[in-house]
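Engineer: What follows is a predicted protein model with its sequence.
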Number of protein chains: 2
Amino acid sequence: MVSDTPDRIVAAALSSFGTKGYEGTSLDAVAAMLEIRKQTILYWFPSKESLLEAVITQGATELASALQDALDAAGEGWARVDAVVRSVFRLSARRPELLGLVREAARLGPPAATQFTTAIAPLVRRASEFLQAEMDAGRMRRHDPGLLLLAIYSTVVGMVTEVEVLRAVGEEPTARSLVRRRADVLALLRSALLAAPDPR
Amino acid sequence: MVSDTPDRIVAAALSSFGTKGYEGTSLDAVAAMLEIRKQTILYWFPSKESLLEAVITQGATELASALQDALDAAGEGWARVDAVVRSVFRLSARRPELLGLVREAARLGPPAATQFTTAIAPLVRRASEFLQAEMDAGRMRRHDPGLLLLAIYSTVVGMVTEVEVLRAVGEEPTARSLVRRRADVLALLRSALLAAPDPR
DNA sequence: GGATCTGTCTACCATCTGGTAGGGAGGAGT
DNA sequence: ACTCCTCCCTACCAGATGGTAGACAGATCC
């Protein structure tokens, strides 16, 4: 029988890295969550950095699979954007640490950030091509697909992770508010992206 | 003669907190930047936390004044949005640490985040009222002003701070790219916000 | 039953962290 | 000349941090 300890360590570390940040999380703290000793963590992962690496791999995998599931179930055209946004909002309710980890990975810079972006690169490419195709077909306004993707990413991730900014603009981060925010983001993206109905 | 040391400490700490993060910055590191001893920092600021407080006050003041200057020089209507976006992009080129600090403050949560949002609350209120007025006048599409503000904030700050995500979507963060990004953000916001010309 | 391997532990360690205690140089006030 | 105040320093300290060394229990193999 193989031990499930490394998986449990990664899960606990993901949660803590995603909420308290990498520097803000000590190995002792992660160990305490699992009621094991720090040395057990260092038995499975030779250093804190290598644990981060495993956590990012895990996070990227989970994120990619969630988005993939949403896309598999989605239709065509705008429905795909809709599905992705909805799945991110669902994720933010069920696994807020995961979105937090995305932010943290971006903040830490290389090599963590590079690892993450490399892991989800295929999704980025597909999304980019999708946007390009929609634009070519005249169904979306023309923008640089890469920058558009970054804008969508920033907006959606900001809308679900920036709790304090949310409060600053007078919105309490409740479950009900999440539904409103999702509706608002979708409406906003609609008007930003969808080409105006051809007047001719 | 009063010493300028506290100001220099705050400036150095702002730069480090904004790039490496709060936990990622040690008092020794800040002291080394100024070629003084850590104890001199602790003479002026009784604790690291109180230094953070001073840094956030300073950061919020600088940010507010930059935005205020831009608004004072701006015209009416859409020109005001344009002016704000341009000033943030200018800031991201001249003082990237400042934008980094905004992100860091939001990430740290209370009390740092609260302090920051409190400090710029007047600007938020004015912006909110402006958007509301534009909507009432039929010049912008209707959205929740608070959520709209958060979306704009996320998009613009993301566009200037998320260097690694930028790379992931195939955009190298050069000075030239900054101009393109600014143009793209403005175009995006235009189509998202401006009401379609009344067809009647 | 002995040897080996796996997984977790206890016991340390060096380094770094924020923070305290207190000294001393030099200017200002008297 | 003396004292006081401002400002920065050296010398420490306790606790936390990431990491190492090695013991030990239990399973597995021979």
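Structural biologist: Yes, it's here.

Engineer: residues in chain A within reach of DNA strand D, list them.
Structural biologist: Residues of chain A lying close to DNA strand D by C-beta under 7 Å from any atom of the strand are A:1, A:25-29, A:38-39, A:42-43, A:46-49. C-beta coordinates here come from the backbone N, C-alpha and C atoms, glycine included.

Engineer: now these in JSON lines, with neighbour count, pLDDT and secondary structure?
Structural biologist: Shown next, in JSON lines, are the residues of chain A next to DNA strand D (neighbours: other C-beta atoms under 10 Å in any protein chain shown; pLDDT from 0 to 100; DSSP: H, G, I helix; E, B strand; the rest coil):
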{"residue": "A:1", "neighbour count": "3", "pLDDT": "53", "secondary structure": "coil"}
{"residue": "A:25", "neighbour count": "24", "pLDDT": "95", "secondary structure": "coil"}
{"residue": "A:26", "neighbour count": "13", "pLDDT": "95", "secondary structure": "coil"}
{"residue": "A:27", "neighbour count": "19", "pLDDT": "96", "secondary structure": "helix"}
{"residue": "A:28", "neighbour count": "11", "pLDDT": "95", "secondary structure": "helix"}
{"residue": "A:29", "neighbour count": "14", "pLDDT": "95", "secondary structure": "helix"}
{"residue": "A:38", "neighbour count": "14", "pLDDT": "94", "secondary structure": "helix"}
{"residue": "A:39", "neighbour count": "9", "pLDDT": "94", "secondary structure": "helix"}
{"residue": "A:42", "neighbour count": "15", "pLDDT": "95", "secondary structure": "helix"}
{"residue": "A:43", "neighbour count": "13", "pLDDT": "93", "secondary structure": "helix"}
{"residue": "A:46", "neighbour count": "10", "pLDDT": "93", "secondary structure": "coil"}
{"residue": "A:47", "neighbour count": "11", "pLDDT": "95", "secondary structure": "coil"}
{"residue": "A:48", "neighbour count": "17", "pLDDT": "96", "secondary structure": "helix"}
{"residue": "A:49", "neighbour count": "11", "pLDDT": "95", "secondary structure": "helix"}
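
Engineer: Check those one by one and keep those near DNA strand C.
Structural biologist: Counting by C-beta under 7 Å from any atom of the strand, the subset of those that neighbours DNA strand C consists of A:39, A:43.

Engineer: just the residues of chain A next to DNA strand D now: which is nearest residue B:192?
Structural biologist: Minimum distance to residue B:192 across those is 37.2 Å, recorded for residue A:25 (C-beta to C-beta).

Engineer: Quick check: pLDDT value at the nearest residue to that closest one once chain neighbours are set aside.
Structural biologist: Closest residue in space to residue A:25, ignoring its immediate chain neighbours: residue A:16 at 4.3 Å, by C-beta to C-beta, 6 or more residues apart in numbering or on different chains. What the model reports as pLDDT for residue A:16 is 96.

Engineer: hang on, residue A:16 is in a helix, isn't it?
Structural biologist: Yes: with the criterion set as DSSP: H, G, I helix; E, B strand; the rest coil, the secondary structure at residue A:16 is a helix.

Engineer: ok, residue A:44 touching residue A:9?
Structural biologist: Yes: under the contact definition of C-beta atoms under 8 Å, residue A:44 touches residue A:9, with a separation of 6.1 Å.

Engineer: who's more crowded, the two?
Structural biologist: Here residue A:44 and residue A:9 are set side by side on neighbour count (other C-beta atoms under 10 Å in any protein chain shown), and the busier one is residue A:9, at 24 against 16.

Engineer: Can you pull out the residues in contact with the helix or strand that contains that one?
Structural biologist: Assessed by DSSP states H and E, residue A:9 sits inside helix A:5-20. With C-beta atoms under 8 Å, 6 or more residues apart in numbering or on different chains as the contact definition, helix A:5-20 has outside contacts at A:25, A:29-30, A:33-34, A:36, A:40-41, A:44-45, A:51-52, A:54-55, A:58-59, A:96-101, A:104.

Engineer: Convert the C-alpha atoms of that helix to CSV, please.
Structural biologist: Extracted in CSV, the C-alpha atoms of helix A:5-20 (Å, rounded to 0.1, in the frame of the first residue of the first chain):
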residue,chain,number,x,y,z
THR,A,5,0.5,11.4,2.9
PRO,A,6,2.1,13.3,0.0
ASP,A,7,-1.3,14.0,-1.4
ARG,A,8,-2.6,15.2,1.9
ILE,A,9,0.5,17.4,2.3
VAL,A,10,0.0,19.0,-1.1
ALA,A,11,-3.7,19.6,-0.4
ALA,A,12,-3.0,21.3,2.9
ALA,A,13,-0.2,23.3,1.5
LEU,A,14,-2.3,24.4,-1.5
SER,A,15,-5.0,25.6,0.9
SER,A,16,-2.5,27.6,3.0
PHE,A,17,-0.4,29.0,0.1
GLY,A,18,-3.6,30.1,-1.6
THR,A,19,-4.9,31.9,1.4
LYS,A,20,-1.9,33.0,3.5
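
Engineer: what about it, distance to the chain center?
Structural biologist: The gap between the average C-alpha position of helix A:5-20 and the chain average comes to 16 Å, counting by C-alpha atoms, centre = their mean, to the nearest Å.

Engineer: Relative to chain B, how far out is the most centrally placed residue in chain A?
Structural biologist: Note on chain A: the residue nearest the mean C-alpha position is residue A:99, at 4.3 Å, using C-alpha atoms, centre = their mean. Residue A:99 is 12 Å from chain B, where distance means C-beta to the nearest C-beta, to the nearest Å.
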